[in-house]
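In: what follows is a predicted protein model with its sequence.
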2 protein chains.
Amino acid sequence: MYDVLTQPALDSAKSKIETGLSNAALTTVLGPCSVDYNGRASSTLDLGERHVMLKPDGTTLVHTDEGQKPVNWQPPGSDQSVRVDDQELIIESVRTSPDERLEVSFQSIQFVAAVTLQDTHDLDLVGTEADLKRQILKQPEMIEPGFTPKATERKTSAGAVDIFGEDADGNIVVLELKRRRVGPDAVGQLKRYIDALNRDLHDDAYIRGILVAPSVTGRARQLLSEQGLEFVAATPDC
Amino acid sequence: MYDVLTQPALDSAKSKIETGLSNAALTTVLGPCSVDYNGRASSTLDLGERHVMLKPDGTTLVHTDEGQKPVNWQPPGSDQSVRVDDQELIIESVRTSPDERLEVSFQSIQFVAAVTLQDTHDLDLVGTEADLKRQILKQPEMIEPGFTPKATERKTSAGAVDIFGEDADGNIVVLELKRRRVGPDAVGQLKRYIDALNRDLHDDAYIRGILVAPSVTGRARQLLSEQGLEFVAATPDC
DNA sequence: AAGTCGATATCGCCA
DNA sequence: TGGCGATGTCGACTT
């Protein structure tokens, strides 16, 4: 099912959009508009030509001709409505918790398209942190000879540790995994887990912390060294 | 300028897309397709109906009828091309550094639209961390009586501190600002700055660290307490 | 509903 | 160009 209107009057456009909304169609609207947003923050966007996408799950996206991110949006689950008011076609999207409202006001419409999509397949993605974890559990020696994983997602008072294990000497080892080159934030994260475990175990045993990632930035390397933490290079298969 | 083709043959669709690409048009293509991506990670997506947007800045977005984020994409600056090969229309987007390739293969096309957008205005957004910083610099007493900002973005060996100042007793105070409720990561960030300053100044003066945000999570509050850091509630005007 | 963290995060700024 | 941190981050998963 597809349906396209070019240069429709505002009332015709309104009918088409409403039909799209009630038919669970993906609806796109293109034309000169201004945009107002109020919610977690507030924004205004003066008159210009943009592309608006309304999804049947309640998502609204306002795209300019630049950038990967929409200039304005409303997340899935929002309530969408359309009205014609004072020579403008206004698309409104509202949600609660948090309270947020998006209004797109069109002066005219270049085209409207409403299409019901048939799509039963999901994305299959590889090369994630979860893939790296599987690799390490399958070949623990890639960390170092004698490394033995004991648990994944082991809970600490500072959160769950990616991989918790022991080295050849029986020392506790905490691994923090990252799928890409890491900066200071990842070092801070690993340090929080080590500190928490030292407290949780109220034991003076030495706990090793190893950051596992393809590479580290200079400042992250320095922080690792200052905190007595280690680094092992590894990249998720892809 | 707008132009829409419904149910075009693959060759006609190819011509229209190519015209769009050379005219700096926003081009949308809708139809049953499969998608392959290889780059920082890898993904495949089996046959289904999706909406593809090609922007003149090199952005490519593949949207299903669910979710705010595209199921596949290529960032601005990528090279876009289209070809018909073995009864398929294939949109290819490639970039380097990092090397990444996206291929969308259409079996048929429901419609193609190419439009050159006129848009001269930028988004005006308020309620950001920068707004919160301005509020504090204008009214430092909102942190505490006697607080005096001395510098913003003061450099430390662990990065730049949001606001650097002194309290009524002459103690150094470091503020880390967040526009929304914060978790453990923000505490780690503040702690890195405090540690770095303690090292940088090689001085045993007590340095206070204050997290300024609308609120904190329970675990973040506990981490603050353990690290001897403080919290002040503040929300950016909106 | 809130907390926590990963992400092909994206984006902007600055060295 | 890489490093670094903000984002109306989003999204998935757990509690």
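Out: Sure, I can see it.

In: which parts of stretch A:173-180 are buried?
Out: Within stretch A:173-180, the residues that count as buried by 16 or more other CB atoms under 10 Å in any protein chain shown are A:Val173, A:Val174, A:Leu175, A:Glu176, A:Leu177, A:Lys178, A:Arg179. For the C-beta atoms, the positions are set from N, CA and C on the backbone; glycine is no exception.

In: if you look at that stretch, does any of it touch DNA strand D?
Out: No: where contact is defined by CB under 7 Å from any atom of the strand, no part of stretch A:173-180 touches DNA strand D; the two come within 9.7 Å at best.

In: any idea of the mean pLDDT for that stretch?
Out: Averaged across stretch A:173-180, pLDDT comes to 98.

In: could I get the CA-only coordinates of that stretch as PDB?
Out: Written as PDB, here are the backbone C-alpha positions of stretch A:173-180 (Å, rounded to 0.1, in the frame of the first residue of the first chain):
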ATOM      1  CA  VAL A 173      41.100 -10.300  38.100                       C
ATOM      2  CA  VAL A 174      38.500  -7.900  36.900                       C
ATOM      3  CA  LEU A 175      38.100  -7.400  33.100                       C
ATOM      4  CA  GLU A 176      36.400  -4.300  31.600                       C
ATOM      5  CA  LEU A 177      35.700  -4.800  27.900                       C
ATOM      6  CA  LYS A 178      35.300  -2.200  25.200                       C
ATOM      7  CA  ARG A 179      34.700  -2.800  21.500                       C
ATOM      8  CA  ARG A 180      36.700   0.300  20.500                       C
END
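
In: returning to that earlier point: what's the closest of the buried residues of stretch A:173-180 to DNA strand D?
Out: A:Lys178 (12.8 Å; CB to the nearest atom of the strand).

In: show me the contacts for that closest one.
Out: A:Lys178 makes contacts with A:Glu129, A:Ala186, A:Leu211, A:Val212, A:Ala213, A:Pro214, as judged by CB atoms under 8 Å, 6 or more residues apart in numbering or on different chains.

In: helices and strands around the biggest helix by length in chain A, which ones?
Out: The helix that spans the most residues within chain A, counting by DSSP state H, is helix A:184-200. For helix A:184-200, the contact count by 3 or more CB pairs under 8 Å, 6 or more residues apart in numbering or on different chains; DSSP states H and E identifies strand A:148-156, strand A:159-166, strand A:172-177, strand A:207-213, helix A:218-227, helix B:184-200, helix B:218-227 as packing neighbours.

In: buried ones in it?
Out: For helix A:184-200, the neighbour count (16+ other CB under 10 Å) marks A:184, A:186-198 as buried.

In: could you turn the buried ones of the contacts of A:Lys178 into a PyMOL selection?
Out: Filtering those down to the buried ones (16+ other CB under 10 Å) takes a single PyMOL command:
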select buried, chain A and resi 129+186+211+212+213
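
In: which stretches in chain A count as helices?
Out: A:10-22, A:129-138, A:184-200, A:218-227.

In: adding mean pLDDT, write those out as CSV.
Out: Converted to CSV, the helices of chain A look like this (pLDDT from 0 to 100):
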stretch, mean pLDDT
helix A:10-22, 97
helix A:129-138, 98
helix A:184-200, 94
helix A:218-227, 96
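
In: tell me which of the buried residues of stretch A:173-180 is nearest to chain B?
Out: A:Arg179 (7.6 Å; CB to the nearest CB).

In: so that closest one makes contact with A:Leu125?
Out: No: in this structure A:Arg179 lies outside contact range of A:Leu125 using CB atoms under 8 Å: 11.0 Å.

In: which residues do the two both contact?
Out: Among the neighbours of A:Arg179, those also in contact with A:Leu125 (CB under 8 Å, 6+ apart) are B:Ala41.

In: residues contacting the most far-flung residue of chain A relative to its centre?
Out: Relative to the C-alpha centroid of chain A, counting by CA atoms, centre = their mean, A:Asp169 is the outermost residue, at 39.8 Å. A:Asp169 makes contact with A:Gly146 under the criterion CB under 8 Å, 6+ apart.

In: likewise for the one 4 residues further on?
Out: For A:Val173, the contacting residues are A:Ile143, A:Phe147, A:Phe164, A:Gly165, A:Glu166, A:Asp167, A:Ile207, A:Arg208, A:Gly209, A:Ile210, by CB under 8 Å, 6+ apart.

In: quick one: the residues you listed as a markdown table, columns for neighbour count too.
Out: Written out in a markdown table, the entries for those read as follows (neighbours: other CB atoms under 10 Å in any protein chain shown):
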| residue | neighbour count |
| --- | --- |
| A:Ile143 | 21 |
| A:Phe147 | 21 |
| A:Phe164 | 21 |
| A:Gly165 | 23 |
| A:Glu166 | 15 |
| A:Asp167 | 16 |
| A:Ile207 | 18 |
| A:Arg208 | 19 |
| A:Gly209 | 24 |
| A:Ile210 | 21 |
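
In: for the residues you listed, work out which two are farthest apart.
Out: For the contacts of A:Val173, the farthest-apart pair by CB to CB is A:Ile143 and A:Ile207; their separation is 15.2 Å.

In: quick check: closest non-adjacent residue to A:Glu129.
Out: On the basis of CB to CB, 6 or more residues apart in numbering or on different chains, the spatially nearest residue to A:Glu129 that is not a chain neighbour turns out to be A:Arg179, at 4.6 Å.

In: show me what contacts that neighbour?
Out: By CB under 8 Å, 6+ apart, the residues touching A:Arg179 are A:Gly127, A:Thr128, A:Glu129, A:Asp131, A:Leu132, A:Ala213, A:Pro214, A:Thr235, A:Pro236, B:Ala41.

In: thinking again about what came up before, what subset of the buried residues of stretch A:173-180 is also close to DNA strand C?
Out: Applying CB under 7 Å from any atom of the strand to these, one finds that A:Glu176, A:Lys178, A:Arg179 fall near DNA strand C.

In: relative to B:Gly58, how far out is A:Glu66?
Out: Computed as CB to CB, to the nearest Å, the A:Glu66 to B:Gly58 distance reads 10 Å.

In: what sits in contact with each of those two?
Out: Any residue near both A:Glu66 and B:Gly58 by CB under 8 Å, 6+ apart counts here, and that gives B:Pro76.
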